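> only geometry, no sequence info:
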């Protein structure tokens, strides 16, 4: 449920330590792409956890290891980084930001989407790396044989994201909870899980290549 600039910041931070992916167009394209399920389903989120390798809202790192075991292109690595970011995003705000929840424990979507959109656009406007990432995504090749989503869905989602962030922010109220500091702290803290899962995948690849 993190918006795209959170994902791109998390992916870019990770790529700084894994230079094979730094400034790779297909990696950044993968980082935004699990949410292309919205092209198929619109606002229906019933398939979103499946498309996110069962990491949408809670961590299931084994699912990402299994995915990376067979799918290891830069796009696929970015795809996994996205779902591992989402796996940590929801538990964190539920634990740390109780004011963003309704009395019944459900998310107050009015507050949430105002905060996330306003902050996401502020991050985008204030960080040249994010515009650079969008330019890389524009150049990237769309995969034609992905196990979860189609080339059409990926390309239409890319088009939608590029148009969205290069336009005006759709929300305008003051931010109450999810501000830029909250996001940047999250981006720092989410790296450890991504690193650990990637290291597990690397051990599998290295074992396979040496067999």
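Noted; the coordinates are in hand. Here the structure is a predicted model, which is why all the values come from computation and not from measurement.

> so residue 53 makes contact with residue 62?
No: if you go by C-beta atoms under 8 Å, residue 53 and residue 62 don't touch, sitting 9.5 Å apart. Bear in mind the C-beta positions are built from the backbone N, C-alpha and C, glycine included.

> Those two: which is more packed in?
More crowded of residue 53 and residue 62, by other C-beta atoms under 10 Å: residue 53, with 25 against 12.

> Can you give me the distance of the closest residue to that one other than its chain neighbours to residue 151?
Nearest residue to residue 53, sequence neighbours excluded (C-beta to C-beta, 6 or more residues apart in numbering): residue 63, at 4.2 Å. From residue 63 across to residue 151, the span is 23 Å (C-beta to C-beta, to the nearest Å).

> Please work out the average pLDDT along stretch 143-158.
Averaged over stretch 143-158, pLDDT sits at 95.

> what's it in contact with?
Stretch 143-158 is contacted from outside by 26, 29, 32-40, 50-51, 71, 73, 75, 137-138, 140, 142, using C-beta atoms under 8 Å, 6 or more residues apart in numbering.

> Filter those down to just the buried residues.
With burial judged by 16 or more other C-beta atoms under 10 Å, the buried subset of these is 26, 29, 32-39, 51, 71, 75, 137, 140, 142.

> Give me the subset of those lying in helices.
Using DSSP state H to define helices, the subset of the buried ones among the contacts of stretch 143-158 located there is 26, 29, 32, 37, 38, 39, 51, 75, 137.

> now those as JSON lines including distance to residue 169 and pLDDT?
Formatted as JSON lines, these follow (distance: C-beta to C-beta, whole Å; pLDDT from 0 to 100):
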{"residue": "26", "distance to residue 169": "28", "pLDDT": "98"}
{"residue": "29", "distance to residue 169": "23", "pLDDT": "98"}
{"residue": "32", "distance to residue 169": "18", "pLDDT": "98"}
{"residue": "37", "distance to residue 169": "23", "pLDDT": "95"}
{"residue": "38", "distance to residue 169": "19", "pLDDT": "94"}
{"residue": "39", "distance to residue 169": "22", "pLDDT": "93"}
{"residue": "51", "distance to residue 169": "26", "pLDDT": "94"}
{"residue": "75", "distance to residue 169": "28", "pLDDT": "98"}
{"residue": "137", "distance to residue 169": "19", "pLDDT": "98"}
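
> ok, how many other residues are close to residue 200?
Using other C-beta under 10 Å: residue 200 sits among 15 other residues.

> got the residue ranges for the helices in this structure?
For the chain, helices defined by DSSP H occupy the ranges 4-16, 25-32, 37-41, 48-51, 61-70, 74-96, 109-126, 128-139, 151-165, 180-189, 191-209.

> would you list those helices in a markdown table and tack on distance to residue 171?
A markdown table is the format used below for the helices of the chain (distance: least, C-beta to C-beta, whole Å):
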| stretch | distance to residue 171 |
| --- | --- |
| helix 4-16 | 14 |
| helix 25-32 | 20 |
| helix 37-41 | 18 |
| helix 48-51 | 21 |
| helix 61-70 | 31 |
| helix 74-96 | 17 |
| helix 109-126 | 4 |
| helix 128-139 | 18 |
| helix 151-165 | 12 |
| helix 180-189 | 15 |
| helix 191-209 | 28 |
